[in-house]
Structure formats: C-alpha cells, structure tokens
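sequence first, then the predicted structure:
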Amino acid sequence: MKVEFPYVEEESEVFGTVKRPRIKIRVFSEITNNFEVLDEVLVDTGADFSVLPRYIGNLIVDDITTGKYSEIKGVVPGVKLIVYNHKLKLKIDEVEFESSVAIADSDDVPMILGRVKGLDLFKCIFDTGKKTTVLKSNFYLKQRILYH
C-alpha cells in the first residue's frame with residue numbers, strides 16, 4: 001500500500017502561510033458501529049502518540065472518561081493536558097490497525113497521528129518537492145509492533 005496526501009496550506013502567526021502534512025484517516029466508532037472519516041489529521045513524527053479532541057472522542061466512544069487517565073505535556077513547559085487513552089481501530093487507506101489514542105478533555109487540540117502504533121507502522125516520506133506526505137505500509141514492521 002502506498003498513499004499520498006497533499007500538504008495543506010494554513011496560516012501561521014510567525015511565518016504567514018505554511019504547508020502542513022495532513023492526512024485522512026478513519027476511526028471506528030462504537031456509537032455508530034462504523035468507521036468515521038477524519039480529514040486533515042496532522043502527521044507529527046515528534047508526537048509519541050495520537051491525540052483527538054473531545055468533540056471527536058464523543059462521536060466515537062460512549063464516555064471518553066472510561067479510558068486511562070493521563071496528563072501530557074507538549075511544547076509549553078508546565079502546561080498539562082488531561083487525556084483519556086483508548087485502544088481504537090484506525091484505517092489509513094486499506095491498512096487497518098489498533099492504536100492507543102489519547103482523547104483530550106478539551107476541544108482546543110488538533111487531531112494528531114503520532115508515532116507509537118501509528119506512524120511507526122508506515123514508511124513516512126515528506127516530499128517537500130511535490131509537497132506531499134507519502135505513507136507506505138511496512139508489513140513486517142506492522143506485525144512486529146502489533147503482536148509483540
């Protein structure tokens with residue numbers, strides 16, 4: 001499997017306009033019993049795990065607080081974000097996998113696909129010339145991460 005996503009042009013207070021690597025993923029909803037499409041999820045190789053805002057979490061799990069409670073920190077020292085970790089089924093193109101996803105207790109966080117049991121399952125290429133993010137599945141790596 002190989003899939004390409006064009007960079008998305010967005011405004012930045014510092015740089016004016018920037019192009020960011022955003023992709024489309026699908027997440028299984030226990031509420032609708034179906035995969036729901038999430039557009040423009042940020043591909044973040046610096047993030048340890050994937051994060052979704054509360055309003056998305058409320059569409060896919062009955063109660064976000066049933067997940068494992070954690071507090072995470074980002075770029076700003078001392079600022080903590082309360083999250084509830086859930087094991088969710090995700091799909092990128094035809095590749096389906098289970099991942100630990102942090103659902104934030106806030107609507108003011110971006111949708112992020114992080115490395116652990118997420119981007120680590122793929123060969124990820126940021127093609128700045130073509131301004132695309134390319135994901136290629138790595139079957140061996142996928143099996144090793146999911147089952148060990």
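Good, I have the coordinates.

against which helices or strands is the longest strand seen in the chain packed?
The longest strand of the chain (DSSP state E) is strand 80-92. Applying 3 or more CB pairs under 8 Å, 6 or more residues apart in numbering; DSSP states H and E, we find strand 80-92 packed against strand 22-29, helix 54-60, strand 68-73, strand 95-104. (Glycine included, C-beta is placed from N, CA and C.)

paired strands for the third one, with orientation please.
Each strand that pairs with strand 68-73, with its direction, by DSSP bridges: strand 80-92 (antiparallel).

report the outermost residue of the chain with respect to its centre.
Residue farthest from the centre of the chain, counting by CA atoms, centre = their mean, is Gly16 at 24.9 Å.

just the angle for the longest strand of the chain relative to strand 95-104, thanks.
Going by axes from the mean of the first three to the mean of the last three CA atoms, to 10 degrees, strand 80-92 is angled at 160 degrees with respect to strand 95-104.

quick check: which of the helices and strands packed on strand 80-92 is nearest to Thr128?
For Thr128, the closest of these is strand 22-29, at 14.7 Å, according to CB to CB.

what strands flank the closest one, and is each parallel or antiparallel?
As assigned by DSSP bridges, strand 22-29 forms pairs with strand 34-43 (antiparallel), strand 80-92 (antiparallel).

ok, residues contacting stretch 80-89?
27-28, 35, 49, 51, 57, 60-61, 64-74, 96-106, 109 (CB atoms under 8 Å, 6 or more residues apart in numbering).

what's the ChimeraX line that selects buried ones from these?
To isolate the buried ones among the contacts of stretch 80-89 in ChimeraX, judged by 16 or more other CB atoms under 10 Å, type:
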select :27,28,35,49,51,57,60,61,64,67,72,97,99,100,101,102,103,104,105,109
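
and the longest strand of the chain, what's its mean pLDDT?
Mean pLDDT, strand 80-92: 96.
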